[in-house]
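> need coordinates for the following:
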Amino acid sequence: MIQKTRGVVFRFTKYGETSIIATIFTEQFGLQSYIVNGVRSKSARNKIALYQPLTLLNLVVYHRENANIERIKEISCFHPFRTLTSDIRKSTLAIFITEILNKTVKEESHASEVFAFISDSLITLDEQGAGYENFHLIFMLKLSRYLGFGPTSRNEVLGHHIADPVVEELIDRLLAANYDTPLRISNSERRSLLDILIRFYHEHMESLSEIKSLQVLREIFV
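Residues are numbered from 1 along each chain as shown. Predicted coordinates:
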């Protein structure tokens, strides 16, 4: 059955000589895999741009319940990024966010709400002119609510661990923050908060593997 939906690209893998398998989180069906033939051929070089991670898409797809791999009939980008891929700091955040999404978002329940959160967050980051250095911290806290273990207090974030009183106070402020909330956080405090949130995720998702982009993120946001 042919269906219309929106989606955000999580990743793609090469398949055969010129094809790919794209993993896309869709608004209607959650996480889906689509085989796209010929997209890596010389005559279709521009089309591969539509399948780069975090690209926001309008889709017309073939959909069957319980099918492992489907096909895409029509595709277009509904929000071409203006700064997310060209600004080094934002692109570093995007790499980190991509890895977090790929390693944590698996379920198809509440797909429309999860999609709205992801797409709105990415558009916000793309359009922010300044003050986005804490974006990834707020994103992780907000995402955890959709993953089923969203905290309501600093104690839930810290668990049995103890942090510097200033950092504990910052956790409270992050829990109440939106992406545009001004927060004065030093580089060392930001690093501590990120380590705490990574540990928080690991404690609630035992299958969560090492976050490989973490080191790059730390180097850029020094």
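
> enumerate every residue touching the residue nearest to D126 when sequence neighbours are not counted.
Setting aside the residues directly before and after it, D126 is nearest to L84 in space (CB to CB, 6 or more residues apart in numbering), at 4.4 Å. C-beta: built from backbone N, CA, C; applies to glycine. Listed by CB atoms under 8 Å, 6 or more residues apart in numbering, the contact set of L84 reads L54, K90, S91, A94, L122, L125, D126.

> which ones among the residues you listed map onto helices?
Per DSSP state H, helices hold the following members of the contacts of L84: K90, S91, A94, L122, L125, D126.

> where does the protein dip in pLDDT?
44-46, 222 (pLDDT under 70).

> identify each buried residue in the strand ranked longest in the chain, please.
Longest strand of the chain, by residue count under DSSP state E: strand 2-15. Residues of strand 2-15 classed as buried: T5, R6, G7, V8, V9, F10, R11, F12, Y15 (neighbour count, 16 or more other CB atoms under 10 Å).

> what number of residues lie near N187?
11 (other CB atoms under 10 Å).

> any idea how far E133 is from it?
Applying CB to CB, to the nearest Å, one obtains 9 Å for the distance of N187 from E133.

> centre of the chain versus stretch 94-108, how much separation?
On the basis of CA atoms, centre = their mean, to the nearest Å, stretch 94-108 sits 5 Å off its chain's mean C-alpha point.

> what packs against the longest strand of the chain?
Applying 3 or more CB pairs under 8 Å, 6 or more residues apart in numbering; DSSP states H and E, we find strand 2-15 packed against strand 19-26, strand 30-36, strand 56-62, helix 88-104, helix 111-127.

> just the buried positions in the third one, please.
Same thing as strand 56-62. L56, L57, L59, V61.

> could you do the fourth one as well?
Within helix 88-104, the residues scored as buried using 16+ other CB under 10 Å are 90-101, 103-104.

> same list (the residues you listed) but as TSV, adding distance to L137.
Listed next are the buried residues of helix 88-104 as TSV, based on distance: CB to CB, whole Å:
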residue	distance to L137
K90	15
S91	18
T92	14
L93	10
A94	15
I95	16
F96	11
I97	12
T98	16
E99	15
I100	12
L101	16
K103	17
T104	15
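
> which of those sits closest to S209?
K103 (6.4 Å; CB to CB).

> give me every residue that touches the closest one.
Contacts of K103 by CB under 8 Å, 6+ apart are L208, S209, I211.
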